[in-house]
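Undergrad: My questions are about this predicted structure, shown below with the sequence.
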Amino acid sequence: MRSLIVLALVAVAAFALPQSQASLDCLMCEMGVKTVVPMLDQDTKDIENAVNKECHNLLKDIPFATKKCQKFVDEDLNKIIKELESGTAPADVCKKIGMC
């Protein structure tokens, strides 16, 4: 009986972690889209700096925020910019690139 309870707790923890990670990725993507939309005509470096700043503001209470924000800017920001430049509606970008 005890091992069944432990197994159930492990299963719950295993499913909860990826979902919270996915929720964080979605939140970051939505923040990125909101930041990028009014800046599409600006230099990519300016967009990166603005998104990085917003990301740090969004995740300021999370210990790994600096690494998470940098990874987001390095790996996902260009996907967001390309989708917006190609005409994808802002509301659809994060779903289309698999972050929401």
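TA: Yep, it's here.

Undergrad: Thr44 is in contact with Glu85, isn't it?
TA: No - distance between Thr44 and Glu85: 11.1 Å, which falls outside the contact criterion (CB atoms under 8 Å). C-beta here means a position set from N, CA and C on the backbone, and glycine is covered the same way.

Undergrad: where does this structure dip in pLDDT?
TA: Counting by pLDDT under 70, the ranges of the chain that qualify are 1-21.

Undergrad: can you give me the helices for it?
TA: Per DSSP state H, the chain has helices spanning 2-36, 44-58, 65-75, 77-85, 90-96. These are given in chain order.

Undergrad: burial measure for Ser23, as a count.
TA: 11 (other CB atoms under 10 Å).

Undergrad: nope, Asp25 is what I was after
TA: As a burial measure, Asp25 scores 18 neighbours (other CB under 10 Å).

Undergrad: Then Ala65?
TA: Applying the criterion other CB under 10 Å, we find 15 residues in the vicinity of Ala65.

Undergrad: nearest residue to it other than its sequence neighbours?
TA: Leu59 (3.6 Å; CB to CB, 6 or more residues apart in numbering).

Undergrad: separation between the one you found and Leu24?
TA: From Leu59 across to Leu24, the span is 8 Å (CB to CB, to the nearest Å).

Undergrad: who touches both of these two?
TA: Lys68 (CB atoms under 8 Å, 6 or more residues apart in numbering).

Undergrad: out of these two, which sits in the more crowded spot?
TA: Neighbour tally, Leu59 and Leu24, criterion other CB under 10 Å: the higher count belongs to Leu59, 19 against 16.

Undergrad: For the more buried one, which residues are in contact?
TA: Leu59 sits next to 28, 65, 68-69 when contact means CB under 8 Å, 6+ apart.

Undergrad: again, but for Thr66
TA: With contacts defined as CB under 8 Å, 6+ apart, Thr66 is in contact with His56.

Undergrad: How about the backbone phi and psi for Asp76?
TA: phi -120, psi -20 (degrees, to the nearest 10).

Undergrad: I'd say it and Glu30 touch.
TA: No - judged on CB under 8 Å, Asp76 makes no contact with Glu30 at a distance of 11.8 Å.
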